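1. Sharing a model that was predicted from the sequence below.
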Amino acid sequence: MARRDGQIVTRGKRKWLVRWYVGAGSDGKRRYHSKLVHGTKKDAQAKLNEVLRNRDLGTYVEPTRMTLDAYLDRWLTDGACACSPRTRESYRWLLAKYVRPRIGSLRLDQLSPLDVQSIVSRMIEGGYSSRTVRMALAVLRQSLKQAVRWRLLSRSPGDGIELPKEASREMRALSAEEARAIRTAARKLAAAARAEVESARTRRERERWAGEAARCAQAAVVFDVLLTTGLRPGEALGLRWRDLDLEAGKLTVQQALTWDVATDKEGKRHHVPVLREPKTAGSRRSLPIGPTLARSLVSQRSVQAERAMKLGTSYDRSLDLVFANEVGRPLDERNLAQRYFAPAVEKAKIAPGLRLYDLRHTCATQLLAGGAHVKAVSERLGHSSAKMTLDVYAHVLPGEQEKATAILEAALLGSGT
């Protein structure tokens, strides 16, 4: 092999130093890279031929001593910049918990598919769910694909990894009777809080129970919105009064409430509310609302306006939120679920574990079971296509195949033949 291309030098029994030319450096001197190959001279020659072929094809990647940890730091800063701060923080957490402790110290260019597969094996042995395993590996594989695009790797060691089968997530939907029971329970909780106001002995107690009654009543309206519009919880909590036309009976989704992670001056991380525009065109939509919900929203606006007037400048009017805390700031979805939704579910004597998001599922299920056109349901949910709606909710349409069979039997075979 010509020296200008590369050379193979013996370094002991079954050890070969493979060197190849990679071009001139900034100082004009010739630059070489080398790799020690264990095996026969034929193995060393095969390695050199592979390197030179990749170099000639323009797919050659220079070796780097960068560790996977160092690379992931860079990727989280630059490679994941298109995602939201909340998503980036979730990537950071998944990598720190499941990936970095196991293979973070390995060199990026020496990372093998077996190293990546070992993460899957250890997580399964540790009892983690298939969903958690798939989430962690999805982030790692995404970062390794970016390393290929940045020419730090010739191919991704994350390709071809065997992942556990994805367990189907149980989707719960309420019957009409169960939904009515939750609505009734939520209003009974608000009535109970109002009764405490009447029996309170001190002003402080009256104010505390009055605030609780208002929060319970507001939560009941949130539940109604989720049940009848099919909005995602974040979309409902991001509604502004300017997005509602109560006289015309129309609601427009223009933003959603999300929570990002911020770091304060002391280095402590905490969640901050952020109102963002919908990610897709389908999520930005206008929906009709019925008169019952419209009346509830009118009452909600009246109570909120009274409180804002009482607090004056202490109330944040700038966000214009339909559902807000005592000072006009966004509601915490987790707090809403734990303090108001879970007690209503318990009072309605429904099995625990129901999520706010399941009210959206209930809306879709009731519409489809009632004969609503799948296209209309898809538009109400903000799905990208009717196919997506069918993929998620086809199981709630029992008897459809039987109906199809009966239609074909009558049309093509005739009765009694």
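-> Looks like it arrived, so ask away.
2. Centroid-nearest residue for the chain?
-> Centroid-nearest residue in the chain: Thr87, 7.7 Å away (criterion: Cα atoms, centre = their mean).
3. Please report how far it lies from Glu166.
-> 20 Å (Cβ to Cβ, to the nearest Å). In short, each C-beta sits where N, CA and C put it, glycine included.
4. what's the burial count for Asp245?
-> Residues contacting Asp245 under the criterion other Cβ atoms under 10 Å number 13.
5. So that it lines up with my notes, have the first residue be 437 from now on.
-> With 437 as the first residue, the last one maps to Asp681.
6. Please name the bridge partners of it.
-> Counting by DSSP bridges, Asp681 forms beta bridges with Lys686.
7. Against Phe759, how distant is it?
-> For Asp681, the distance to Phe759 - Cβ to Cβ - is 17 Å.
8. surely Leu693 meets Arg770?
-> No - Leu693 lies out of contact with Arg770 (Cβ atoms under 8 Å); the separation is 11.9 Å.
9. And these two? Which one has more around it.
-> Leu693 (23 against 11).
10. where does that one land in three-state SS?
-> strand (DSSP: H, G, I helix; E, B strand; the rest coil).
11. can you check the one 3 residues further on too?
-> Look at Asp696: counting by three-state DSSP, its state is strand.
12. Measure how buried it is and give me the count.
-> With other Cβ under 10 Å as criterion, Asp696 counts 16.
13. how much space between the nearest residue to Ser821 once chain neighbours are set aside and Glu782?
-> Closest residue to Ser821 apart from its sequence neighbours, by Cβ to Cβ, 6 or more residues apart in numbering: Ser814 at 6.7 Å. Separation of Ser814 from Glu782 (Cβ to Cβ): 33 Å.
14. Might you report the residue contacts of the residue nearest to Ser821?
-> For Ser814, the contact set (Cβ atoms under 8 Å, 6 or more residues apart in numbering) comprises Ser821, Ala822, Met824, Thr825.
15. Shouldn't the last one be within a helix?
-> To tie it back to what came earlier, the one meant is Thr825. Yes - under three-state DSSP, Thr825 falls within a helix.
16. Now do the contacts for it.
-> Thr825 touches Ala800, Val810, Val813, Ser814, Leu817, His819, counting by Cβ under 8 Å, 6+ apart.
17. Name the SS class of the third one, please.
-> In other words, Val813. helix.
18. Now the closest residue in space to it that isn't next to it in sequence: which helix or strand?
-> Closest residue to Val813 apart from its sequence neighbours, by Cβ to Cβ, 6+ apart: Leu803 at 4.9 Å. Taking DSSP states H and E as the definition, Leu803 sits inside helix 793-805.
19. follow-up on the earlier one: most neighbours among the contacts of Ser814, please name it.
-> Counting by other Cβ under 10 Å, top hit in the contacts of Ser814: Thr825 with 22 neighbours.
20. For His831, see how far away that one is.
-> Applying Cβ to Cβ to Thr825 and His831 gives a distance of 12 Å.
21. How about Lys533?
-> Distance from Lys533 to His831, by Cβ to Cβ: 34 Å.
22. Mind listing what's buried along the helix holding Leu803?
-> Tyr793, Asp794, Leu795, Arg796, His797, Thr798, Cys799, Ala800, Thr801, Gln802, Leu803, Leu804 (16 or more other Cβ atoms under 10 Å).
23. Pipe those into CSV and attach pLDDT and distance to Met502 per row.
-> What follows is the buried residues of helix 793-805, written out as CSV (pLDDT from 0 to 100; distance: Cβ to Cβ, whole Å):
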residue, pLDDT, distance to Met502
Tyr793, 94, 41
Asp794, 95, 45
Leu795, 96, 48
Arg796, 95, 44
His797, 93, 45
Thr798, 94, 50
Cys799, 94, 50
Ala800, 92, 48
Thr801, 91, 51
Gln802, 91, 54
Leu803, 91, 53
Leu804, 88, 52
